[in-house]
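Q: I need the structure of the sequence given here:
(4 chains)
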There are 2 protein chains.
Amino acid sequence: MPDLHDVLFRALADPTRRALFEGLCRKGEQTVGALTARAGVSQPAVSKHLGVLKQAGLVRDRHEGRQTHYSAQLGALAPLIDWTSQMAGFWQSRFDQLENLLKRMDQ
Amino acid sequence: MPDLHDVLFRALADPTRRALFEGLCRKGEQTVGALTARAGVSQPAVSKHLGVLKQAGLVRDRHEGRQTHYSAQLGALAPLIDWTSQMAGFWQSRFDQLENLLKRMDQ
DNA sequence: CTAACTGATAACCGATTGGCTATTTATTCG
DNA sequence: CGAATAAATAGCCAATCGGTTATCAGTTAG
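A: Below you'll find the predicted structure:
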């Protein structure tokens, strides 16, 4: 069972998918047609990628007539930021321990 | 040709690989044997994963006798942080434009 | 109502992935 | 030296992935 971080990292690991997400961040809400025009792959491929991004919570879709508008959900990046700072925290913590040890040895 | 972000995201997209990296961040430098003991997969699998992490710049290896010690390279996460804040920047920028538009309309 | 259009789904295909076992290479110990 | 140990590499396999074309479903326009 894939956890939250898995789904996020996997979704962003593909360049086409990341480009779609970047496009939505840059220009805001866009239709599947507009996204397909710049994606360099077929419309079904784009739809599938958007499905993966949606599953990861990275995009939202809004139906309007026969068009579907997608928009980026920036909040979905939070776990990624959290994970990163957690890694940095571990590192810092080990650094602190070392610093402490050196300080004690110095006495 | 896979770019920098690709290699990074792909490397971190696998749970086993991410767990290895987390272990190295938490506890610092460790041998392949120690990492294998907790990885839940075979030693060759661990070696292959470490190879991928190394390729992404996320770990460094140091040979000492017949053992290989691996350690996390926290700096390799920088492009990930940059990318995230760039996405946030795009979003903020669009928000600012909207804010500006509303301000002008208000006059 | 029919035709055209937009996007999603289905079915398929080749490449890549992540795992395994077996083997190789390098180092240490007796 | 030869045996044992640590890690890397080779070769294999099933599953997943990203792409395609063909088709379907829903919506709008004539």
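
Q: Okay, strands next: where are they in chain A?
A: The residue ranges that make up the strands of chain A, judged by DSSP state E, are A:30-31, A:59-64, A:67-72.

Q: right, and those - which one's nearest chain B?
A: If you check each of the strands of chain A against chain B by CB to the nearest CB, strand A:67-72 wins as the nearest, at 6.9 Å. Quick note: C-beta positions are derived from backbone N, CA and C, even for glycine.

Q: what's the burial count for the residue in chain A positioned nearest to DNA strand D?
A: Closest contact between chain A and DNA strand D, by CB to the nearest atom of the strand, is at A:Gly65 (2.6 Å). By other CB atoms under 10 Å in any protein chain shown, the residues close to A:Gly65 number 5.

Q: now the one 10 residues further on
A: Counted with other CB under 10 Å, residues neighbouring A:Gly75 total 9.

Q: per-residue confidence for it?
A: The predicted local confidence for A:Gly75 comes out at a pLDDT of 95.

Q: Tell me who's in contact with it.
A: By CB atoms under 8 Å, 6 or more residues apart in numbering or on different chains, the contact set of A:Gly75 is A:Gly57.

Q: Kindly recompute the last result at 10 Å.
A: For A:Gly75, the contacting residues are A:Gly57, A:Leu58, taking CB atoms under 10 Å, 6 or more residues apart in numbering or on different chains as the criterion.

Q: quick one: pLDDT of the residue of chain A closest to DNA strand D?
A: Residue-level confidence at A:Gly65 comes out at 96, pLDDT.

Q: now it: how far from chain B?
A: Using CB to the nearest CB, to the nearest Å, A:Gly65 is found at 24 Å from chain B.

Q: can I get the strands of chain A in JSON lines with distance to B:Pro15 and mean neighbour count?
A: Supplementary listing: those in JSON lines, determined by distance: least, CB to CB, whole Å; neighbours: other CB atoms under 10 Å in any protein chain shown:
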{"stretch": "strand A:30-31", "distance to B:Pro15": "32", "mean neighbour count": "18"}
{"stretch": "strand A:59-64", "distance to B:Pro15": "23", "mean neighbour count": "13"}
{"stretch": "strand A:67-72", "distance to B:Pro15": "25", "mean neighbour count": "18"}
